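Asks: Dropping the sequence and predicted coords here.
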Amino acid sequence: MRFEQAQRVKNLPPYLFARIERLIEEKKAAGIDIISLGIGDPDQPTPDHIIEELIKEARNPANHQYPSSVGMLSYRQTVANWYAGRFGVQLDPKTEVVTLIGSKEGIAHISWCYLNPGDTVLVPDPGYPVYAGGAILAGAEPYYMPLKAERGYLPDLATIPTEVARRAKMMFINYPNNPTGAVASESFFAEVVAFAREFNVLVCHDAAYSEVAFDGYRPPSFLQVPGAREVGIEFSSVSKPFNMTGWRIGWAAGCAEVIEALGRLKSNLDSGQFQAIQYAAMAGLNGPREVIDRVNALYRERRDILVDGLNSLGWKLEKPKATFYVWAPVPAGHTSESFTELVLEKAGVVITPGTGYGANGAGYFRMSLTVDTARLKEAVERIKKNLGPVRF
């Protein structure tokens, strides 16, 4: 038998990281020792106090029934308190925060709330593939905003054609940025707010890496900017700061009208996240900041090892202020794909081709810092030994 897939699924490109995972497994099956710098998944354990909270609440029978699809009010209040303490942003937990089963889920589903077939959505390129993927599933057409090195990987809103801006219903932005590691200022966010007001565009800011930052830098929240809450929402989670990617717990916060729509959609699609996990996330958000600082110090050490190693071979990279990624150009004579294959074949190191994040990622590759420090050092030494100096 053969079952015809829906067109919306046919339109989806293969998910980048699924391909990387298959590639790693193939090499391992062949007995090759592979060091993967391809996927950004924290390698450190979830802090003990968070795990202990999960165990305690998992034993409570009150948490064994269906949770609320929008999340416990106490969890949403904790998120609101965290915003107040971290960013000085005051949120109503009842109307301006909704619980997500990881921010990825909400990012994909927000398109279903506001996009109809044929609508236009503004998507950063290069960018996290789920922005376009969710829009494609909703039948919308992505308009890709180029992120260029010369602009610090910020989209040039003034170059978006007026007719496109008028058609657009949504815009995705993401700072600190995956895959480039770029950061944005409040003045840029203010430009986004002005653009959104002029063209009646809903802004969706992905702030998943807001707590992964170095050298005293503290990334701002989009919601800090005057008027932001009237034009958009912000997605985030405990995945990156507390090493909880597998726990699948996050939130969206901001414009009450949009939060209500997302919550209403979710009530028809899922039954919310297990309450014990919500309690565990609360333990993280209410816990000591030193937990985050300690992991960031580890990422900073790894960042320096990787960037200094690449620069010794001929790259001229600046050290990123945030995220656990290093974004770099490929050497002369290579494409993103050919250089990725060369590094894998010669050094046994997996890196991610920039084209996996969009057409404007051509000529670049991404490396992740979420690997054991000793293995990262080994990866750098393998690249030095097997590739030698490069030219651009």
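Replies: All right, it came through fine. All values derive from a computational prediction rather than experimental measurement.

Asks: Could you list the low-confidence segments of the stretch 51-200 of the chain?
Replies: Counting by pLDDT under 70, the stretch 51-200 of the chain contains no low-confidence residues.

Asks: And the strands in it, which stretches?
Replies: Counting by DSSP state E, counting those that start in this stretch, one finds strands in the stretch 51-200 of the chain at the ranges 97-100, 120-125, 141-146, 168-174.

Asks: what are the pairing partners of the last one, and which direction each?
Replies: Going back to what we said before, that points to strand 168-174. Its sheet considered, strand 168-174 pairs with strand 120-125 (parallel), strand 202-206 (parallel) by DSSP bridges.

Asks: now swap in the first one and tell me
Replies: For strand 97-100, the pairing partners within the sheet under DSSP bridges are strand 250-254 (antiparallel).

Asks: Buried ones in the partner strand, by neighbour count?
Replies: Using 16 or more other Cβ atoms under 10 Å as the burial criterion, the residues of strand 250-254 that qualify are 250-254. The way it works is simple: take the backbone N, C-alpha and C, and place the C-beta from them, glycine included.

Asks: tell me the contacts of D43?
Replies: If a contact means Cβ atoms under 8 Å, 6 or more residues apart in numbering, then D43 has 370-372 as its contacts.

Asks: which among the buried residues of strand 250-254 gets closest to L317?
Replies: Sorting the buried residues of strand 250-254 by distance to L317 puts G250 at the head of the list, at 30.4 Å, by Cβ to Cβ.

Asks: I figured that closest one hits V97, correct?
Replies: No - using Cβ atoms under 8 Å, G250 is not in contact with V97, being 10.8 Å away.

Asks: Including distance to E290 and mean neighbour count, could the strands of the stretch 51-200 of the chain go into TSV?
Replies: Formatted as TSV, the strands of the stretch 51-200 of the chain follow (distance: least, Cβ to Cβ, whole Å; neighbours: other Cβ atoms under 10 Å):
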stretch	distance to E290	mean neighbour count
strand 97-100	25	26
strand 120-125	33	25
strand 141-146	37	18
strand 168-174	27	25
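
Asks: Of those, which is nearest M72?
Replies: Minimum separation from M72 across the strands of the stretch 51-200 of the chain (Cβ to Cβ) falls at strand 97-100, 7.4 Å.

Asks: What count of nearby residues applies to the closest residue to S271 other than its chain neighbours?
Replies: Nearest residue to S271 in three dimensions, chain neighbours excluded: Y66, at 5.1 Å (Cβ to Cβ, 6 or more residues apart in numbering). Using other Cβ atoms under 10 Å, Y66 is surrounded by 9 other residues.

Asks: change the start of the numbering to 58 and stick with it
Replies: Okay, using 58 as the starting number, the last item reads as Y123.

Asks: May I see the buried residues of the helix or strand where I362 lies?
Replies: If you go by DSSP states H and E, I362 is part of helix 347-369. Of the residues in helix 347-369, those buried under the neighbour-count criterion (16+ other Cβ under 10 Å) are 348-349, 352-353, 355-357, 359-360, 362-364, 366-367.

Asks: of those, closest to K434?
Replies: Among the buried residues of helix 347-369, I362 lies closest to K434 (Cβ to Cβ), at 5.9 Å.

Asks: how about the closest one, what does it touch?
Replies: When contacts are counted by Cβ under 8 Å, 6+ apart, I362 is found next to 430, 433-434, 437.

Asks: before we move on, what about P236?
Replies: When contacts are counted by Cβ under 8 Å, 6+ apart, P236 is found next to 183-185, 382, 384, 409, 411, 414, 418, 423.

Asks: So which of the residues you listed are in strands?
Replies: Within the contacts of P236, residues falling in strands by DSSP state E are 382, 384, 409, 423.

Asks: burial measure for the last one, as a count.
Replies: For R423, the tally of surrounding residues (other Cβ under 10 Å) stands at 27.

Asks: Am I right that T302 is in contact with S296?
Replies: Yes - the pair formed by T302 and S296 meets the contact definition of Cβ under 8 Å, at 4.4 Å.

Asks: any shared contact partners between those two?
Replies: Contact with both T302 and S296 is made by residues P99, according to Cβ under 8 Å, 6+ apart.

Asks: Among the two, which residue is more densely surrounded?
Replies: Taking other Cβ under 10 Å, T302 and S296 do not tie; S296 has more neighbours (23 against 18).

Asks: Regarding that one, what is its secondary structure?
Replies: At S296, secondary structure determined by DSSP: H, G, I helix; E, B strand; the rest coil is coil.

Asks: No further questions, thank you.
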